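In: structural data only, the sequence is not supplied:
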Ligand code: FAD
Ligand code: UDP
């Protein structure tokens, strides 16, 4: 096989590695992709009846404060000015997210100044003594927003999303969401945000469009491993446990089931994402894709595409979406990292290969780091391609 590097997986991690190695290092790169399309979970396609762009593996919003990633992404696509905002329905009323002054005023049914709201939440969070390290998601959330808002907006949603008691979930999960004592309800606080003007797939295809890159779709690495083993360096972005034939047991993942529907209306819910906080509503949220691209005048005005999202634990064979990261998972992960360190000529990267929730900008940043710190030294100075194995 006439290639210098094999990349397993064509998600943002794999394509960034392939693109940099081809364009900057002049290497011939073979990308193997198990699915019948490139792009990993960021892949999007036009819904055939309406022409509305839908994200097959769940809605993807691009945002970053990393200037290097922003500059890199802009080589392949322009971005719209889209700013993500999310609302939540609880007991038949709608509130803005993330929790902000607007949410607090609406929930308690009166107006508060920022100082008054802080004082109220401090009182409602007093059960977690200030300075005490919260031990789990529930304690962390109560310490941030007080018990009443936690019970309304977080407990039911989190239980549906993780199928795990919030007392057993790590505190970090909730720190992804900011809490603001202003009326600012932008979901993300990053310096840059937007959606690719021509869609995700056009962006991903441009990354792969280089004469030194061959992408082979429908190609599972494990069908070819015996032919490749030891002969060509590999960057592997598939599931870490699968690589080692689950020798240390399965790492826990949460998967999502999506129900997509075309509705006979020009606007189903008036916004891109509506969360459902009530525990007796079986789905966590509804996405309405037309609202991601208000600038696309060609979308029909009498039909719309919605997608309900349901969450559950993943079995083998399901799409692994979110690492659950229980204490058992973390112990297993350490053992897998040790195995990965001993694997000569193979680097592990990306969401599945490192068992980490990575946003797109983080996957790109991590891939650029792998090129700088491992692949370039290997290909230009002959450094061994190993150790540290799992690139985080
Ligand atoms: P992936 O995109 O998962 O790509 C891995 C690829 O490897 C896949 O295409 C897979 O088919 C392939 N593969 C696996 N095993 C093999 C094998 N044996 N042989 C060949 N190919 C193989 N990020 C954001 O920034 N904003 C968001 O709003 C956002 N929303 C998300 C919503 C959901 C539901 C999910 C799951 C993720 C979301 N993300 C979001 C994260 C984003 O999807 C990831 O950051 C990005 O996809 C990471 O890329 P990756 O290359 O690591 O992994
Ligand atoms: N969350 C919640 N209620 C909401 C939105 C989020 O309780 O309406 C919690 C939930 O535990 C979730 C976490 O905040 O896992 C992070 O939310 P985010 O929107 O980042 O989740 P994602 O989009 O990654 O699924």
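Out: Received the coordinates, thanks. Keep in mind that this is a model prediction, so the values were computed, not measured. Numbers count the residues shown, from 1 in each chain. Ligands and ions are numbered 1, 2, ... in the order given.
In: what residues does the stretch 151-300 of the chain have near ligand 2?
Out: 153-154, 157-158, 161, 173-174, 176-177, 275, 277 (CB under 6 Å from any ligand atom). Heads up, the C-betas are built off the backbone N, CA and C, glycines and all.
In: quick one, phi/psi of whichever residue of the stretch 101-250 of the chain sits closest to ligand 1?
Out: Residue nearest to ligand 1 within the stretch 101-250 of the chain (CB to the nearest ligand atom): residue 238, separated by 2.7 Å. Main-chain torsions, residue 238, degrees, to the nearest 10: phi -90, psi -180.
In: show me which of the residues of the stretch 151-300 of the chain next to ligand 2 are buried.
Out: 153-154, 157-158, 161, 173-174, 177, 275, 277 (16 or more other CB atoms under 10 Å).
In: farthest-apart pair in those, please.
Out: By the measure CB to CB, 173 and 277 form the most distant pair in those, at 15.9 Å.
In: care to break this structure down by domain?
Out: 5-82+195-252+320-381, 90-175, 256-313 (automatic domain parsing).
In: ranking these by burial, who's on top?
Out: domain 5-82+195-252+320-381 (a mean of 19; mean count of other CB atoms under 10 Å).
In: how about the contacts made by the residue in the stretch 51-200 of the chain that ligand 1 sits nearest to?
Out: Taking CB to the nearest ligand atom, ligand 1 has its nearest neighbour within the stretch 51-200 of the chain at residue 58, 2.7 Å off. Residue 58 makes contact with 41, 256, 258, 287, 309, 321, according to CB atoms under 8 Å, 6 or more residues apart in numbering.
In: in strands, which of those residues fall?
Out: 256, 258, 287, 309 (DSSP state E).
In: wait, which of these is closest to ligand 1?
Out: Ligand 1 lies nearest to residue 256 out of the ones in strands among the contacts of residue 58, by CB to the nearest ligand atom, at 5.6 Å.
In: beta partners of the closest one?
Out: Beta bridges link residue 256 to residue 311, judged by DSSP bridges.
In: and residue 185, how many neighbours?
Out: 20 (other CB atoms under 10 Å).
In: chain neighbours aside, what residue packs nearest to it?
Out: The shortest distance from residue 185 to any non-neighbouring residue, by CB to CB, 6 or more residues apart in numbering, is to residue 96 (4.2 Å).
In: these two touch, right, the one you found and residue 104?
Out: No: assessed by CB atoms under 8 Å, residue 96 is found out of contact with residue 104, at 10.1 Å.
In: check contacts around residue 12.
Out: 39-40, 42, 204, 350, 360, 363-364, 367.
In: and the gap between it and ligand 1?
Out: In this view, residue 12 and ligand 1 are 4 Å apart by CB to the nearest ligand atom, to the nearest Å.
In: any idea how far residue 19 is from that residue?
Out: In this view, residue 12 and residue 19 are 10 Å apart by CB to CB, to the nearest Å.
In: again, but for residue 261
Out: Taken as CB to CB, the span from residue 261 to residue 19 is 36 Å.
In: for residue 258, same thing?
Out: Separation of residue 258 from residue 19 (CB to CB): 29 Å.
In: now do residue 130
Out: Residue 130 is 48 Å from residue 19, where distance means CB to CB.
In: my guess is residue 274 meets residue 88, correct?
Out: Yes: with contact defined as CB under 8 Å, residue 274 counts as touching residue 88 (7.2 Å).
In: residue 186: which of the domains of the chain is closest?
Out: Across the domains of the chain, closest to residue 186 is domain 90-175 (CB to CB), at 8.7 Å.
In: ok, the closest one near ligand 1 or not?
Out: No: Domain 90-175 lies apart from ligand 1 when judged by CB under 6 Å from any ligand atom; the minimum separation is 10.9 Å.
In: check contacts around residue 181.
Out: 100-101, 114, 117-118.
In: my error: substitute residue 377 in the last question.
Out: residue 383.
In: do residue 336 as well
Out: If a contact means CB under 8 Å, 6+ apart, then residue 336 has 240-241, 244, 248, 251, 355, 390 as its contacts.
In: try it again at 10 Å.
Out: 240-241, 243-244, 246-249, 251, 348, 354-355, 389-390 (CB atoms under 10 Å, 6 or more residues apart in numbering).
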